[in-house]
Structures are given as structure tokens and as C-alpha cells.
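Student: When you get a sec, could you give me coordinates for this:
(one chain, ligands or ions: 1)
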Amino acid sequence: MGEASRVVRGPAATPMPHPPFPSTVLEFQERFGTEQAARKYLTLCRWPDGFQCPSCKAPGGYPRSDRLATECAACSRITSLTSGTVLANSKTPLRGWLWAAWLMVTSKRGLSASELARQIGVTVETAFMMLHKLRAAMVAPDRQLLRGRVEVDETYIGGPKAGPRGRGAAGKTLVVGAVEVREHAPGRIRLRCIPRVDSLHLHKFVRESVEEGATVVTDGLPAYEGLYGYRHVRVIQGQGQDPDEVLACFHLAISNMKAWLKGTHHGRVEARHLQAYLEEFSFRFNRRGNLGAAFQRLLGLSSQVGIVTYDAVYNAGRAPGAKGRRRSRG
Ligand SMILES: [Zn+2]
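Tutor: Numbers count the residues shown, from 1 in each chain. This next block holds a predicted model:
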């Protein structure tokens, strides 16, 4: 897919090391069998070239007795191994976090808090908080714009029955999507709930999702007219080409997304939570060829993205069962 080289691109980007990603449960247990091994992995992800003090930038330091922090050799400032990551201030063993992130990355279905609690020996409340922190990292907005050839179209989600290309179905949520075309197969995807189909929302979405100069393929909907800064290919029905065929990558990715929603959430998706689910789907879809990067990103080990709080992402309201979660710490 060539995804790795794109993910780390950026002016100030230091490419993340990618220690081999454990692809089976056995491999995982071998790699992260002890807390020491987990610490080693985190250290390597955070400081691939050796410890560097975030305060004075001097290299080198002394490990503290618990090995979870390093004292700078120059200024004596103590830096925690987990500060700035999703594991910060957590009493849960590092291995528990790595296991939770690994399961989230490798299993397509959602992981329940009670299941995780049983597996790593924490309370359900702690497991619930851990999953939410990891999900928050999933929905952190991607900064890399789509490029090359990009198919853009809308679809409806929810409601009793989706028409094949219906625009304006009652009780459904409107979603606009952009899908990269790479060698006739879907590349990366962006999805967004919008209130209605009009130039304002469609153009805004394209500008915020697709790199300028890219080729944007849409159907003949007049609202797409005037997309300046792009090579705009409009496929108008009845003029020899069928938009459904031309937008094949879009439709393939969307049917994937709908199947996932149906399988994981049984199709019962509240409109106010839909955007978060779409981000979660996109996260997995966009990293399906690079699970190691997805794993690091979930743990907050990716240098490109700061830590995202659950509340900042889901400010729409509290999740069911989230009672008292502010008090608990993963
Ligand atoms: Zn220092």
C-alpha cells in the first residue's frame, strides 16, 4: 500500500521506527511476555535514537528505580516513559494496555469492557476507561489529505431501508465520503456526517479531505460544480458512463463500512454517535495494511498526533454506562 511512507510524511516528522508487529497471539505473548519487554518496546517507540530530555533536549539520562521514568543527565528533570501517551497516569500494567490496543487493532468486531476486564484482570470500569481512551486516539483527526484520484459521493445510513442512490431519505443520516483510488482498489477513506447535500457542505468536505490539485471524481450533482483547485471529473448519468461504475471504489468502501456498522453495532446507530463510529471505521480501513502503525497510534506513541481526550471527541454527551468514569483511571 505504501501507507507507511505517507503516514509519517510531514516537515517536522521524525519517522517512527516500526519494530516488527506481532501478528499472532503467540507472537504477542512472546514479544510482550513481561513488563520489562513492554517497557523496552515503549522506550524504543518513544526514543528510537536513545533518550532525549524533552525539557533541555540533552541526550542521555539515568533510569529511575522503577524503570518507568528517566532522569536527565544534564538538568535532572524526570521524564515518565508514559507521559503524553494514552498510558499516562495509569496503574494498569503496561502489558494490559498493549494487549487492549492489540485486540482493538486486530479484531474487526468491537471489544467489550467486560471481556477486556476478564482477560487482563482489571475492573470493568477500568477496562471501560481504557477502551474509551484507545477509541479517542482512533478518532483523532487525520492530518494527511487524500491525494491522486479521489472518488466523492454521498450515502445514507440508518433508517429502515436504504435506496440504492436515493438522495433525501427521511430518518436517515447523510454521510459524504471521499475514497482514494489506488490501482483500481480503494486506498484511504474520509467520512463525514453532513446536514444536507449542498455546495457549502460538499465543497468544505472536499477541501478539508483532499489535497489541492488532486483529481476529484463525482456524479453529475450540480452542488459539486465549482470545485476550484482540483481536476474535477463529473460523470453524468445517461451520458455513456454509469456513475455507480465510475465510483466503484467509493461504493466498495461504503458497503464495507455499512457491513461493519451492521455487524458491530447491529445497524442501531444513534445519529449523534455516528461520526465517532465513522472515524473508527476509517481508522481501521486506512491502516489495514499497516497494523504496527495503527497499534502505535492507538497507544499515543505516534509522534504525529498528541494525546486526545475522550471528552474532547465525544462532547456530545456521556456514553451509556460511563457513570463515574471521570473518577476512575485506567
Ligand atoms: Zn534535561
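
Student: From now on I want contacts and neighbour counts done on CA atoms only, so please keep to that.
Tutor: Noted.

Student: Would you mind confirming that residue 253 makes contact with residue 185?
Tutor: No. The pair residue 253 / residue 185 is not scored as a contact, 9.3 Å apart, by C-alpha atoms under 8 Å.

Student: Of these two, which one has the most company?
Tutor: Using other C-alpha atoms under 10 Å as the criterion, residue 253 and residue 185 rank with residue 253 on top: 22 against 14.

Student: Now do the SS call for the more buried one.
Tutor: helix (DSSP: H, G, I helix; E, B strand; the rest coil).

Student: Any regions of this protein where pLDDT drops low?
Tutor: For the chain, the stretches flagged by pLDDT under 70 are 1-19, 140-142, 159-170, 267, 302-330.

Student: which residues of it fall in strands?
Tutor: Secondary structure of the chain by DSSP state E: the strands cover 61-63, 69-72, 78-80, 149-157, 173-182, 185-193, 215-219, 231-235.

Student: any chance of the ones you listed in a markdown table, with distance to the ion too?
Tutor: Formatted as a markdown table, the strands of the chain follow (distance: least, C-alpha to the ion, whole Å):
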| stretch | distance to the ion |
| --- | --- |
| strand 61-63 | 8 |
| strand 69-72 | 5 |
| strand 78-80 | 8 |
| strand 149-157 | 46 |
| strand 173-182 | 44 |
| strand 185-193 | 40 |
| strand 215-219 | 48 |
| strand 231-235 | 50 |
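
Student: Out of those, the one nearest residue 20 is which?
Tutor: Residue 20 lies closest to strand 185-193 among the strands of the chain, at 22.8 Å (C-alpha to C-alpha).

Student: Which stretches in the stretch 201-330 of the chain count as helices?
Tutor: Assigned by DSSP state H, counting those that start in this stretch, the helices in the stretch 201-330 of the chain fall at 243-246, 248-265, 271-286, 291-298, 310-313.

Student: can you check the stretch 1-150 of the chain too?
Tutor: Secondary structure of the stretch 1-150 of the chain by DSSP H, counting those that start in this stretch: the helices cover 3-7, 25-31, 35-46, 94-106, 113-120, 124-138.

Student: Looking at the helices of the stretch 201-330 of the chain, which one is packed in the most?
Tutor: Among those, helix 291-298 has the highest mean neighbour count (mean count of other C-alpha atoms under 10 Å), at a mean of 23.

Student: ok, residue 190 - contacts?
Tutor: Neighbour list for residue 190: 177-179, 209, 279, 282 [criterion: C-alpha atoms under 8 Å, 6 or more residues apart in numbering].

Student: Residue 90: which of those is nearest?
Tutor: residue 279 (25.2 Å).

Student: What are the neighbouring residues in contact with the nearest residue to the closest one once chain neighbours are set aside?
Tutor: Nearest non-adjacent residue to residue 279, counting by C-alpha to C-alpha, 6 or more residues apart in numbering: residue 139, 5.1 Å away. With contacts taken as C-alpha under 8 Å, 6+ apart, residue 139 has the following neighbours: 276, 279-280, 283, 313.

Student: Understood, closing this out.
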